[in-house]
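*Asks:* Please work out how this folds:
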Amino acid sequence: MKIIGHRGAAGLALENTIESIKEGVSAKADYIEIDVRETHDKKLVLSHDENLKRTYGVDLKIKDHRLQDLRIPCPKLPTLESALKACRTEGIIIELKEYIDPKLIFDEIQKYPDLDIRIASFNHHLIREIKKRKPNLFCYVLEHHSPFEIINHAKAMKADGIGLNYSMINPLTYLLARRAKLHIYVYTLNKPWIARGLKWLYKDIYICTDYPNTLKDLRN
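*Replies:* Residues are numbered from 1 along each chain as shown. This next block holds a predicted model:
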């Protein structure tokens with residue numbers, strides 16, 4: 001089992017910031033997970049929401065503004081490039097929150113050949129397109145509701161793994177995914193006692209958490 005720091009370490013610092021990533025690294029997370037969106041001038045920045053109001057208190061839609069304009073009220077808004085530079089773990093999982101031209105993604109990640117970079121998205125069309133262009137790039141298909149259906153979708157698009165809400169994992173889903181040679185990670189799990197139970201049942205899944213510091217003893 002490996003531990004993934006959710007949005008860096010969202011329980012320890014403001015999510016999707018360099019500070020959060022550093023907290024995740026300090027907590028010895030194996031992987032750091034971040035959310036990525038595209039600005040109006042095609043720059044890639046870290047944000048879960050399409051609007052910056054919840055995290056930064058400013059009512060600005062990322063897609064409608066240039067990076068330099070967003071940085072005026074939100075100076076801590078990181079780019080994907082700065083996040084990759086800050087990541088000093090085994091790897092990083094980039095969750096694409098919207099359709100982004102794969103070339104923009106490839107141009108950034110190719111600068112870091114020594115980092116285990118994995119892509120994740122609920123946008124199945126985007127994952128399918130990425131796998132067609134870069135078959136060797138590790139990709140997760142994410143799903144909120146249907147763990148069995150997503151296994152078939154992942155196989156069809158030649159994805160490498162699936163990401164599920166931790167409440168959706170069960171022995172049959174696990175066995176079917178492993179039979180299909182799909183890697184599994186579950187999100188967002190902040191209760192150590194549940195994490196220990198999942199480790200006992202499913203020894204090789206990864207757990208995504210806001211508090212990697214509380215789960216580090218579960219790492220293999």
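
*Asks:* hey, let's count contacts and neighbours off CA atoms from now on
*Replies:* Will do.

*Asks:* now the helices for the protein?
*Replies:* With DSSP state H, the ranges of helices along the chain come out as 18-26, 53-56, 67-70, 80-86, 102-109, 124-133, 147-156, 171-179, 192-201, 212-215.

*Asks:* Can you flag the weakest of the ones you listed by average pLDDT?
*Replies:* Of all these, helix 147-156 carries the lowest average pLDDT, namely a mean of 90.

*Asks:* packing partners for that one?
*Replies:* Here helix 147-156 touches strand 139-143, strand 161-165, helix 171-179, going by 3 or more CA pairs under 8 Å, 6 or more residues apart in numbering; DSSP states H and E.

*Asks:* Which strand residues bridge I162?
*Replies:* Judged by DSSP bridges, the bridge partners of I162 are V141, I184.

*Asks:* What is the burial count for it?
*Replies:* Neighbourhood size, I162 [other CA atoms under 10 Å]: 24.

*Asks:* possible to save the helices of the chain as CSV with distance to R7?
*Replies:* As requested, the helices of the chain are arranged in CSV below (distance: least, CA to CA, whole Å):
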stretch, distance to R7
helix 18-26, 7
helix 53-56, 12
helix 67-70, 20
helix 80-86, 11
helix 102-109, 18
helix 124-133, 20
helix 147-156, 23
helix 171-179, 25
helix 192-201, 18
helix 212-215, 11
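
*Asks:* Looking at those, which is nearest to R118?
*Replies:* Proximity to R118 (CA to CA) singles out helix 102-109 among the helices of the chain, at 9.7 Å.

*Asks:* which stretch among the helices of the chain comes nearest N165?
*Replies:* It's helix 147-156; of these, that one is closest to N165 (CA to CA) at 9.2 Å.

*Asks:* buried set for that closest one?
*Replies:* Using 16 or more other CA atoms under 10 Å as the test for burial, helix 147-156 gives 147, 150-151, 154-155.

*Asks:* could I get the residues you listed as TSV with distance to L176?
*Replies:* Listed next are those as TSV, based on distance: CA to CA, whole Å:
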residue	distance to L176
P147	10
I150	11
I151	8
A154	12
K155	11
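
*Asks:* which one among these gets closest to L44?
*Replies:* After measuring these against L44 - CA to CA - the closest member comes out as A154, at 25.5 Å.

*Asks:* Since that was my last question, I'll sign off now.
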